[in-house]
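Student: Provided below are the primary sequence and the corresponding predicted coordinates.
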Amino acid sequence: MSTTNELVMQQLSTVIEPELDRDIVSLRMVRDLEIKGDTAVFTIVLTTPACPLKNVFETRCNEAIIGKVPGITKLDIKWDSLVPTDRRLGRQNIGGIRSIVAVSSGKGGVGKSTVSTNIAVALAEAGATVGLIDADITNPNIPQMVGLTTGRPRVIGTKMVPIEVYGVKVMSTGFLTSPDKPMIMRGPMLHSAISQFFRDVEWGESLDYMIVDLPPGTGDAPLSLAQQFSVTGAVIVTQPQEVAVGDALRSMAMFDQLNVPILGVIENMAGEFFGEGGGERLAAERETTFLGRVPLQATVRQGGDFGRPVVVTEPDSPAGQAFSQIAQQIAARVSVTLMQQADAIPMNIIG
């Protein structure tokens with residue numbers, strides 16, 4: 001005769017993870033199962049602290065167990081997370097970075113750096129460990145976006161220490177030179193700078209997400225990044241109008257040629273002025289995920305000018321909510337991409 005623990009696990013094996021279309025038991029997301037009187041106590045290990053599916057899992061677990069397992073009338077679900085690791089990165093001498101997310105656009109002025117900053121901060125606020133590299137080496141904007149225009153990184157031993165702000169570890173050439181001095185570099189120098197930002201910076205023992213803010217276009221920086229490091233996936237930022245969408249399409253095609261998965265498309269600055277729907281149509285045409293739409297909102301621009309990301313200053317505004325939801329979607333897409341490479345969360349089961 002099956003024990004109550006076994007019956008609970010059997011029922012939990014009917015709960016499907018929506019993104020992967022597999023049950024949470026075979027994915028080894030359930031651990032530490034205990035029966036305390038009429039309560040089943042267990043932990044669900046999410047693939048990201050920014051998981052948008054907590055309520056879905058809670059509802060489905062209750063539906064699977066309550067009234068189905070004799071003697072169990074309540075669930076006490078605890079939550080943990082373990083972001084999957086891109087196994088290819090372990091061979092590339094870049095410390096504990098688990099995943100690399102490139103944020104790209106086909107043209108300048110679509111708000112890519114604003115998107116990168118707010119995504120990084122939103123992931124950090126959700127509990128993830130996050131790094132942000134400003135890979136626009138010759139025209140760095142990230143220092144201003146995070147309010148660190150006078151920041152200078154410390155050096156310990158042979159490595160620079162990234163500056164931490166809003167819970168995000170940040171590195172940029174903007175920290176290494178004066179704003180009035182031009183950064184004039186040829187391709188090989190850009191290649192070296194990007195490599196140094198990964199290998200000569202002390203990012204710590206574990207970093208769930210490295211967000212890389214690329215310069216616009218299909219030039220040296222994205223090519224250098226993809227040639228040197230295994231990029232987990234790329235996020236494409238576009239405005240709604242057709243001229244921006246056309247350039248975004250070229251950016252997507254570049255990543256296709258570089259064998260970098262497209263995590264999805266973000267439509268930025270949507271509204272009456274630039275229109276709406278171009279990014280969503282692009283995602284549909286390319287059969288990729290539409291990550292979300294950020295409305296044109298004055299406080300987003302003000303936040304970039306004064307180094308106060310809107311996800312921090314106005315989290316309940318339309319743009320603040322959009323960035324938070326997009327960050328969750330990106331985290332989910334990273335997890336799906338990496339878990340399709342692996343078989344399950346690498347964790348032992350107790351119970």
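Tutor: That came through fine. Numbering: from 1, shown residues only.
Student: now for the helix or strand containing residue 323, which elements pack on it?
Tutor: Assigned by DSSP states H and E, residue 323 belongs to helix 318-341. The helices and strands touching helix 318-341, judged by 3 or more C-beta pairs under 8 Å, 6 or more residues apart in numbering; DSSP states H and E, are helix 112-125, strand 233-238, strand 262-270, strand 290-295, helix 310-313. Yep, even glycine has a C-beta here, placed from its N, CA and C like the rest.
Student: which one, of those, ends up nearest to residue 17?
Tutor: Proximity to residue 17 (C-beta to C-beta) singles out strand 262-270 among the helices and strands packed on helix 318-341, at 17.9 Å.
Student: show me where this protein dips below the pLDDT cut-off.
Tutor: Residues of the chain meeting the criterion pLDDT under 70: 1-2, 178-191, 342-351.
Student: can you list the buried residues in the helix holding residue 323?
Tutor: The neighbour-count check on helix 318-341 (16 or more other C-beta atoms under 10 Å) flags 318-339 as buried.
Student: again, but for stretch 117-135
Tutor: Within stretch 117-135, the residues that qualify as buried are 117-126, 128-135, counting by 16+ other C-beta under 10 Å.
Student: quick revisit: out of the helices and strands packed on helix 318-341, which is closest to residue 277?
Tutor: Here strand 262-270 is closest among these (C-beta to C-beta), at 7.6 Å.
Student: what's the angle from the helix or strand following that closest one to strand 233-238?
Tutor: Moving toward the C-terminus from strand 262-270, the next helix or strand (DSSP H and E) is helix 278-285. Put simply, helix 278-285 runs at 140 degrees to strand 233-238, going by axes from the mean of the first three to the mean of the last three C-alpha atoms, to 10 degrees.
Student: how about helix 278-285: buried residues?
Tutor: Applying 16+ other C-beta under 10 Å to helix 278-285 flags 278, 279, 280, 282, 283 as buried.
Student: which one of the residues you listed is nearest residue 84?
Tutor: residue 283 (23.5 Å).
Student: isn't there a helix covering residue 248?
Tutor: Yes. The assignment for residue 248 by DSSP: H, G, I helix; E, B strand; the rest coil puts it in a helix.
Student: what's around it, how many residues?
Tutor: 28 (other C-beta atoms under 10 Å).
Student: so who does the spatially closest residue to residue 248 that is not a sequence neighbour touch?
Tutor: In space, and not counting its chain neighbours, residue 248 is closest to residue 238: 3.8 Å by C-beta to C-beta, 6 or more residues apart in numbering. By C-beta atoms under 8 Å, 6 or more residues apart in numbering, the contact set of residue 238 is 105-106, 110, 244-245, 247-248, 265-268, 278-279, 282.
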